[in-house]
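1. have a look at this fold, sequence not included:
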């Protein structure tokens, strides 16, 4: 499976990649997946609609924020990126830095966006209290299978694993 395939990769480029991987691995079932971003999920009741006039403070603690930055760049007026290392354990000071950076953004149409993974790390009562007055949301990530047949195979294998797990309990 070739994951995180950019939308810009053409059918011909995929065919070349597929042939190379088939030769190298001996496998004949090479499939492509891509990232799709879902609708924003807000962490509190303070909501600002994201649109072409919005400035986003993007909070990430992931290895490669580039796909998310690229995605948001086409949707909003500007992005301020506050990036931390992968698997970062946020502190109160980090959250206060987020609040400070957010308040420095001049645009009145502004929003904090983070990843679903990072949202789980900052979803403590202590941290949420620090940003309760700010619009903060996460953007869920979804994996899209290019080939429906491959998706069906994966789903069947997962269901089989779940069935075995339940029956062994």
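-> Great, that's in hand. Here the structure is a predicted model, which is why all the values come from computation and not from measurement.

2. poorly predicted segments of this protein, please.
-> Flagging of the chain using pLDDT under 70 yields the residue ranges 165-166, 169.

3. so in it, which helix runs the longest?
-> Secondary structure assigned by DSSP state H gives helix 148-168 as the longest helix of the chain.

4. give the contact list for the most centrally placed residue in the chain.
-> When Cα atoms, centre = their mean is applied to the chain, the residue found nearest the centroid is residue 141 (4.2 Å). Residues counted as contacts of residue 141 (Cβ atoms under 8 Å, 6 or more residues apart in numbering) are 35, 36, 37, 38, 115, 116. Heads up, the C-betas are built off the backbone N, CA and C, glycines and all.

5. how about the residues you listed, which pair is most distant?
-> Spatial extent of these (Cβ to Cβ) is set by the pair 36 and 115 at 14.1 Å.

6. more neighbours: which of those two?
-> Comparing residue 36 with residue 115 by other Cβ atoms under 10 Å, the one with more neighbours is residue 115, at 20 against 12.

7. turn the contacts of residue 141 into CSV, including secondary structure and distance to residue 106.
-> What follows is the contacts of residue 141, written out as CSV (DSSP: H, G, I helix; E, B strand; the rest coil; distance: Cβ to Cβ, whole Å):
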residue, secondary structure, distance to residue 106
35, strand, 31
36, strand, 32
37, strand, 26
38, coil, 29
115, strand, 25
116, helix, 28
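
8. how about these in CSV, adding distance to residue 69?
-> As requested, those are arranged in CSV below (distance: Cβ to Cβ, whole Å):
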residue, distance to residue 69
35, 12
36, 16
37, 12
38, 17
115, 12
116, 16
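
9. what's the closest of the residues you listed to residue 149?
-> Nearest to residue 149 out of these is residue 36 (Cβ to Cβ; 18.8 Å).

10. how about the backbone phi and psi for residue 134?
-> The phi and psi torsions at residue 134 (degrees, to the nearest 10) take the values phi -100, psi 150.

11. swap that for residue 70, sorry
-> phi -60, psi -40.

12. what's the burial count for it?
-> With other Cβ under 10 Å as criterion, residue 70 counts 11.

13. for residue 82, give me its contacts.
-> 57, 58, 59, 60, 97, 98, 101.

14. just confirm it is within a strand.
-> Yes. The secondary structure assignment for residue 82 places it in a strand, going by DSSP: H, G, I helix; E, B strand; the rest coil.

15. mind listing what's buried in stretch 2-22?
-> Judged by neighbour count (16 or more other Cβ atoms under 10 Å), stretch 2-22 contains these buried residues: 5, 14, 18.

16. thanks a lot, see you next time.
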